[in-house]
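*Asks:* Sequence and predicted structure below; questions after.
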Amino acid sequence: MTYCVAVRVADGLVLLSDTRTNAGVDNVSRFSKMFTWERAGERAIGMATSGNLSITQGVITRLEQAIERSAEDPHVETILNAASLYRVAELVGEAMQGLQDRYRDSIQAEGAGADATVLVCGQRRGGRHRLFMVYSAGNFVEATADTPYFQIGEHKYGKPILDRVVTMETPLDEVAKAVCVSMDSTLRSNLSVGMPLDLAVIRRDACAFDVHERIEADDPRFVAISRRWGEALRNAFSSLPAILC
């Protein structure tokens with residue numbers, strides 16, 4: 001399974017994903033679910049995927065192939081020359097729709113699910129930083145001030161902390177901590193989500209990745225966040241008033 005989360009706040013964007021793919025108890029693999037493109041100072045785009053792996057890999061391949069073709073033909077539209085991040089989301093949706101139209105029936109005939117979802121975030125020079133969630137049909141929605149984050153995959157375990165902590169005014173370093181706590185809660189409650197993690201941060205108007213790194217299971221920062229969050233929850237629970245008198 002998968003857990004990916006992306007947050008858009010006033011200061012920028014944060015994207016975090018796990019790397020576990022589970023096709024049964026005896027078929028657990030590791031695949032990166034985060035993909036990034038950058039032309040420093042011009043454009044930075046991050047994507048995270050969940051759902052049918054062949055579909056999501058196909059979407060990324062089609063986007064990459066368009067970029068390769070544009071090197072010889074500048075008229076080819078790609079996510080790196082699209083006029084807006086909205087258009088980038090449309091290109092992702094078009095690639096998704098094309099693959100669903102081609103393979104959905106045959107995938108489902110084999111008893112597998114063809115659904116897939118892609119989180120798309122980033123900023124181009126002269127535009128604002130934006131976050132979209134693209135569905136299997138190719139349609140998408142955009143994050144707003146009322147809903148500043150999107151989750152895909154096993155989202156229920158990591159949602160409460162985001163609802164309580166994240167607003168549009170939350171600083172990026174606090175958002176990064178919140179998504180790590182959200183991921184830690186998911187890791188503890190669902191074995192189909194697993195380490196290592198991929199983390200990316202885009203600061204507003206930088207049009208470049210401020211952070212783009214792999215977090216391993218023994219990363220001291222993540223271990224400390226997990227341990228101290230667990231201790232804080234236990235202490236908070238102990239301090240609650242009794243229900244039974």
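*Replies:* That came in fine, so what should we check first?
*Asks:* C-alpha only now, for contacts and for neighbours.
*Replies:* Fine.
*Asks:* Summarise which helices and strands the one helix or strand residue 50 maps to is packed against.
*Replies:* Here residue 50 sits within strand 43-51, counting by DSSP states H and E. Counting contacts by 3 or more C-alpha pairs under 8 Å, 6 or more residues apart in numbering; DSSP states H and E, strand 43-51 packs against strand 3-9, strand 12-17, strand 34-39, strand 116-124, strand 149-153.
*Asks:* quick one, the second one and strand 43-51 angle?
*Replies:* In terms of direction (axes from the mean of the first three to the mean of the last three C-alpha atoms, to 10 degrees), strand 12-17 departs from strand 43-51 by 30 degrees.
*Asks:* Mind listing residues that contact strand 12-17?
*Replies:* 2-8, 33-34, 46, 48, 121-122, 129, 172, 175-176, 179-180, 197-204 (C-alpha atoms under 8 Å, 6 or more residues apart in numbering).
*Asks:* Those, buried ones only, as a ChimeraX selection?
*Replies:* To isolate the buried members of the contacts of strand 12-17 in ChimeraX, using 16 or more other C-alpha atoms under 10 Å:
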select :2,3,4,5,6,7,8,33,34,46,48,121,122,129,172,175,176,179,180,197,198,199,200,201,202,203,204
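*Asks:* ok so, going back, where does the strand holding residue 50 sit relative to the chain's centre, distance-wise?
*Replies:* Computed by C-alpha atoms, centre = their mean, to the nearest Å, the chain-centroid distance of strand 43-51 equals 6 Å.
*Asks:* Partner strands of that strand and their direction?
*Replies:* Partners of strand 43-51 in the sheet, by DSSP bridges, are strand 34-39 (antiparallel), strand 116-124 (antiparallel).
*Asks:* Many thanks, we can stop here.
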